[in-house]
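>>> Give me a 3D structure for the following:
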Amino acid sequence: MASERTEAAAPAHGAAAAAPGRGADMPGEHALWEDRTRISLQPIAAPSILGLFGFAGATAMVGAWQAGWYGDAGTPLVLWPFVLTFGGLAQLLAGMWAYRARDGLATAVHGMWGAFWLAFGLLFMLVGMGAYPVEQAPVLGGLSEGFAFWFIMLAVITGLCAIAALGANLAMALMLAVLAAGAGFTAAGFWAPSNWSLDVGGWLFVASAVLALYAAAAMMFENTFGRTILPTFKMRTKSATPARRGARPMEYRHGEPGVKIGQ
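Coordinates of the predicted model:
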């Protein structure tokens, strides 16, 4: 009788064995899965490396111009090709790739700001081509309530993303908080209008670009060196400590062996 029960419990020839129970923490967990599963993956690099570099490039250039560090009213007519492709298209693609990484925060941030820089570049492209009324184009120090609404919505959504980033890492949370404040001051500058508010917004945009460069470099260095070089102060892992090797990218607790959530 005992032998019959044993045979009944054994899996049929060629069938996969039962998966380990939830919460398995035994040292042999990985070996147990590897002996019984066959996984086909298409790994991708962290999309935010491209997204943050694209964001930083466009935001630093436009923010410095907005703060009055260089240029004049015609400067956007020179900046728009770079802003549209590097800050817009490249970042939007990073946002779409973030879907595959199952990173909701990166999808929202890069998708939103990539679309904004596409719109910014398209607007001044049309102005330069004469297809858009020059008198309606936004000018620093001039009243433009419609353009101010662009930044109002950006400030609100970016602020929500900054709160969400507190659950990921402090570097992204700080960058997004500074960015949201910059968008808020810029919105006020075009709504009032107010030159000092635009200057503060420009300074904050440049500061957020510097923080984005740091975060992107940290991800890139971790990818090439295989360990944390620049800490991003992750909230849910000990792998953010400098010189500590990154966590093994097999997270069975999520129910999908070999598939990593996030970047």
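
>>> Any regions of this structure where pLDDT drops low?
For the chain, the stretches flagged by pLDDT under 70 are 1-43, 236-262.

>>> ok, now with 80
Counting by pLDDT under 80, the chain has low-confidence residues at 1-44, 235-263.

>>> List the residues that contact the spatially closest residue to Val156 that is not a sequence neighbour.
Among residues not flanking Val156 along the chain, Ala180 sits closest, at 8.0 Å (C-beta to C-beta, 6 or more residues apart in numbering). (Each C-beta comes from the backbone N, C-alpha and C, glycine too.) In this structure, Ala180 makes contact with Leu154, Ala155, Val156, Thr158, Gly159, Cys161, Ala162, judged by C-beta atoms under 8 Å, 6 or more residues apart in numbering.

>>> Same question for Ala180, what's its three-state structure.
Here Ala180 is recorded as helix under DSSP: H, G, I helix; E, B strand; the rest coil.

>>> how close does it sit to Ile163?
Separation of Ala180 from Ile163 (C-beta to C-beta, to the nearest Å) stands at 10 Å.

>>> Then Phe151?
Relative to Ile163, Phe151 is positioned 19 Å away (C-beta to C-beta).

>>> Ok, Gly142 next?
As judged by C-beta to C-beta, Gly142 and Ile163 stand 33 Å apart.

>>> So Leu84 is in contact with Leu122, correct?
Yes. Between Leu84 and Leu122 there is a contact under C-beta atoms under 8 Å: 6.5 Å.

>>> which one of those two has more residues nearby?
When Leu84 and Leu122 are compared for neighbours, Leu84 comes out ahead with 21 against 15, by other C-beta atoms under 10 Å.

>>> does the spatially closest residue to that one that is not a sequence neighbour sit in a helix or strand, and which one?
Nearest residue to Leu84 in three dimensions, chain neighbours excluded: Gly121, at 2.6 Å (C-beta to C-beta, 6+ apart). Assessed by DSSP states H and E, Gly121 sits inside helix 104-129.

>>> following that helix, which helix or strand comes up?
Following helix 104-129 in sequence order, the next helix or strand is helix 145-165 (DSSP H and E).

>>> contacting residues around that following helix?
Helix 145-165 is contacted from outside by 104-105, 108-109, 112-113, 116, 119, 138, 172-173, 176-177, 179-181, 183-184, 186-191, 201, using C-beta under 8 Å, 6+ apart.

>>> The residue nearest to Leu84: neighbour count?
Gly121, neighbours per other C-beta under 10 Å, totals 23.

>>> mind listing what the residue most central in space within the chain touches?
In the chain, the centroid-proximal residue (C-alpha atoms, centre = their mean) is Ala106; its distance is 3.3 Å. By C-beta under 8 Å, 6+ apart, the contact set of Ala106 is Pro47, Ser48, Gly51, Ala94, Gly95, Ala98, Gln263.

>>> redo that, cut-off 6 Å
Neighbour list for Ala106: Ser48, Ala98 [criterion: C-beta atoms under 6 Å, 6 or more residues apart in numbering].

>>> now the closest residue to Val139 other than its chain neighbours, what's its secondary structure?
Using C-beta to C-beta, 6+ apart and skipping residues adjacent in sequence, the residue nearest Val139 is Ala73, 5.6 Å away. Here Ala73 is coil, with the state taken from three-state DSSP.

>>> I'd assumed Leu123 was in contact with Val83.
No. Contact criterion C-beta atoms under 6 Å: Val83 and Leu123 do not qualify, at 10.0 Å.

>>> returning to what we had before: surely the residue nearest to Leu84 touches Trp80?
Yes. Taking contacts as C-beta under 6 Å, Gly121 lies within contact range of Trp80: 4.3 Å.

>>> before we move on, the earlier item: burial of the residue nearest to Val139, as a residue count?
Other residues close to Ala73 by other C-beta under 10 Å number 12.

>>> Likewise for the one 10 residues further on?
The burial count assigned to Val83 is 26, neighbours taken as other C-beta under 10 Å.

>>> do the same with Gly167
As a burial measure, Gly167 scores 10 neighbours (other C-beta under 10 Å).
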